[in-house]
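In: Starting from these lines, generate the structure:
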Amino acid sequence: MGSFVIGLEGDGDYNSTNNNGFKSDWLATVRGRAGWAWDRVLFYGTGGAAFAPASVGAGSFFAGSLGGSATMTGWTAGGGVEYAFTPNWTAKAEYLYVDFPSPSVGGTSFKFTDNLIRGGINYKFW
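Out: As a prediction, the model looks like this:
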């Protein structure tokens, strides 16, 4: 739509969060993106849903003597810049804030947030 660009993006990544018995080893998001293209550069904002597993070991700070696992659902928002170095290939750098409001694992609720700074290489099929 002229220089205004909108789209939908899904991603997943492996991570290794392990803090006092709380573990999460992947994160996935489904997000809308909207931005402004200037020549080969796109500046964009993004936001949507986030998903990650959470497991809490028995005897941990979070779960006392219980324990358990669940898939957390939350939200994410951020922004970034993407550069098209060929008609089909782009490189990007982005920031995302992820918030899982009060997930409950093993009968205990807690707050889990994360700040992500990441880069990527994309191939566009059309």
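
In: Spit out the contact partners of the spatially most central residue of the chain.
Out: Per Cα atoms, centre = their mean, the C-alpha nearest to the average position across the chain is that of residue 29, at 4.8 Å. Taking Cβ atoms under 8 Å, 6 or more residues apart in numbering as the criterion, residue 29 is in contact with 9, 10, 11, 12, 48, 49, 50, 51, 76, 96, 98. For the C-beta atoms, the positions are set from N, CA and C on the backbone; glycine is no exception.

In: could I get the residues you listed as CSV with pLDDT?
Out: Shown next, in CSV, are those (pLDDT from 0 to 100):
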residue, pLDDT
9, 91
10, 92
11, 92
12, 91
48, 98
49, 98
50, 96
51, 94
76, 97
96, 97
98, 95
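
In: Switch those over to TSV; also include secondary structure, distance to residue 23 and neighbour count.
Out: Shown next, in TSV, are these (DSSP: H, G, I helix; E, B strand; the rest coil; distance: Cβ to Cβ, whole Å; neighbours: other Cβ atoms under 10 Å):
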residue	secondary structure	distance to residue 23	neighbour count
9	strand	26	14
10	strand	23	10
11	strand	21	12
12	strand	17	11
48	strand	24	16
49	strand	21	13
50	strand	17	22
51	strand	15	17
76	strand	20	21
96	strand	21	22
98	strand	16	20
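
In: quick one: buried residues of stretch 88-98?
Out: Within stretch 88-98, the residues that qualify as buried are 90, 92, 94, 96, 98, counting by 16 or more other Cβ atoms under 10 Å.

In: contacting residues around the residue nearest to residue 41 when sequence neighbours are not counted?
Out: Counting by Cβ to Cβ, 6 or more residues apart in numbering, residue 83 is the residue found nearest to residue 41 once chain neighbours are left out, at 5.5 Å. Taking Cβ under 8 Å, 6+ apart, we find residue 83 in contact with 40, 41, 42, 90, 91, 92.

In: Show me the strands in this structure, by range?
Out: With strands called from DSSP state E, the chain shows them at 4-19, 22-38, 41-56, 68-84, 89-100, 104-105, 108-109, 112-123.

In: the bottom helix or strand of the chain by mean pLDDT?
Out: Here the helix or strand of the chain ranked lowest by mean pLDDT, DSSP states H and E is strand 104-105, holding a mean of 62.
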